[in-house]
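**Student:** fold the following for me, if possible:
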Amino acid sequence: MNNSFEELKNNIDKHGSFALICHHRPDGDAIGSVLAFGAYLESQKKKVFYYCPDTIPSSLIFIPNVEQIKKERDANWDKAEAIVFI
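**Tutor:** Below is the predicted model:
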C-alpha cells in the first residue's frame with residue numbers, strides 16, 4: 001500500500017468523528033466528494049458532520065443525501081475530532 005494511503009487510513013482509524021467541509025461556490029464534484037467520503041467514513045462506523053460555506057445550488061438538490069450538508073457551523077462542528085476540507 002502506498003505510504004500516503006497508509007497515513008490516511010491511520011488518521012481515519014484514530015478519530016471517531018469528522019467534520020467535512022467543501023469549498024465556496026460548490027459544484028457537483030465538491031458536493032459529491034464530500035458525500036462520498038462521508039459515506040466511506042460512516043461505513044467505518046465514524047460519526048460524520050457535513051458543511052458547505054455557501055448554499056447548495058438548486059441544480060444540485062437532486063443529489064442523494066445533499067440535505068445532510070449544513071451551511072452554518074453548529075455544536076457538532078466543535079464535537080468533531082477531525083476537520084477535513086475537500
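**Student:** drop to CA atoms for contacts and neighbour counts, all remaining ones
**Tutor:** Noted.
**Student:** lowest mean pLDDT among the helices and strands of the protein, which one is it?
**Tutor:** Counting by mean pLDDT, DSSP states H and E, the chain has its least confident helix or strand at helix 3-13, which shows a mean of 90.
**Student:** I'd like the next helix or strand past that helix.
**Tutor:** The helix or strand immediately downstream of helix 3-13 is strand 17-21, counting by DSSP states H and E.
**Student:** name the helices or strands packed onto that following strand?
**Tutor:** Contacts defined by 3 or more Cα pairs under 8 Å, 6 or more residues apart in numbering; DSSP states H and E place strand 17-21 against helix 28-43, strand 47-51, helix 75-79, strand 82-85.
**Student:** ok, residues contacting that strand?
**Tutor:** 34, 38, 46-53, 76-77, 79-86 (Cα atoms under 8 Å, 6 or more residues apart in numbering).
**Student:** filter those down to the buried ones, PyMOL style.
**Tutor:** Of the contacts of strand 17-21, the buried ones go into a single PyMOL selection, burial set by 16 or more other Cα atoms under 10 Å:
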select buried, resi 34+38+46+47+48+49+50+51+52+53+77+80+82
